[in-house]
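Visitor: Task: produce atomic coordinates for the following.
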Amino acid sequence: MWELLKQGGVVMYPLGLCSLLTIGILIERLWHFMRADRDPQAVLSRAQAALAKQGNPGAQWRDEPAPAVRVVGAALARRSEPRDVLEDHLRTTLASENLRLGAHLGIVGTIGNIAPFIGLFGTVLGIIRAFRDIGQVGAAGPAVVATGISEALIATAAGLVVAISAVIVYNLFVIWQGRLARRAEIVAAEVLTLVARES
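Guide: Sure thing, here's the model as predicted:
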């Protein structure tokens, strides 16, 4: 397998780097998203219990990884403020949490876009090599062009594999990010109602 990859030429190095970046971001985001995925009803139950306590119940929620939980913490910490100020603060918190969830996903999306072109560049280099070999030998038999054509095809295949993998990872996390953001928005609206009732 390693010998086969080496035949792909110089473009295999950037494609290998892109592949490693995709795998690294996949592992990091998977760990982060799994910790951030919480049931909205469980979060709201905790919020109701926190509202019944005295003091600042929002302080203990700020270091939580889940956006829904952090939104509740932001609401509880400022529950004494006017409703319009609280709504603005919750919108800012939701936007901040959405940015935090989307960290590094742009890199994977970029890899998904550029990997086919890197593979295509390898294809062009392989074809150039094949024609150069023909020029040096003065004949166009299969044995002469086999190395160049092999390099071209391997580079194309590697570029497509890296691109498809990156696009799958990107789409997976974008969909998951959207679901977590919707949950946080639902929780924000519910906790805003709870705070208004308490006031």
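Visitor: Now do the helices in the protein.
Guide: Ranges of helices within the chain are 2-6, 12-36, 40-51, 67-77, 83-101, 105-137, 142-198, based on DSSP state H.
Visitor: Let's check: the centremost residue of this protein is which one?
Guide: Centroid-nearest residue in the chain, with C-alpha atoms, centre = their mean: residue 105, separated by 3.0 Å.
Visitor: if I pick that one, what's in contact with it?
Guide: 25, 29, 170, 173, 174, 177 (C-beta atoms under 8 Å, 6 or more residues apart in numbering). Quick note: C-beta positions are derived from backbone N, CA and C, even for glycine.
Visitor: Kindly recompute the last result at 6 Å.
Guide: residue 173 (C-beta atoms under 6 Å, 6 or more residues apart in numbering).
Visitor: neighbours of the nearest residue in space to residue 152 that is not next to it in sequence, just the number please.
Guide: Excluding its sequence neighbours, the residue lying closest to residue 152 (C-beta to C-beta, 6 or more residues apart in numbering) is residue 126, at 2.8 Å. For residue 126, the count of nearby residues is 25 (other C-beta atoms under 10 Å).
Visitor: Can you tell me how far residue 126 is from residue 106?
Guide: Distance, residue 126 to residue 106, by C-beta to C-beta, to the nearest Å: 31 Å.
Visitor: what bits of the protein have low per-residue confidence?
Guide: For the chain, the stretches flagged by pLDDT under 70 are 1-8, 54-62, 137-145, 198-199.
Visitor: ok, back up a step: ok, the residue nearest to residue 152 to residue 164 distance?
Guide: 20 Å.
Visitor: Next: residue 175.
Guide: Counting by C-beta to C-beta, the gap from residue 175 to residue 164 is 17 Å.
Visitor: Which one's more surrounded, those two?
Guide: Between residue 175 and residue 164, residue 164 has the larger neighbour count (other C-beta under 10 Å), namely 13 against 10.
Visitor: tell me, how many neighbours does residue 101 end up with?
Guide: 21.
Visitor: tell me the contacts of it?
Guide: 177, 180.
Visitor: Kindly recompute the last result at 8 Å.
Guide: 32, 33, 36, 67, 177, 180, 181.
Visitor: Next: residue 25.
Guide: 104, 105, 107, 108, 169.
Visitor: What is the nearest of the contacts of residue 101 to residue 117?
Guide: Of all the contacts of residue 101, the one with the least separation from residue 117 (C-beta to C-beta) is residue 177, at 26.2 Å.
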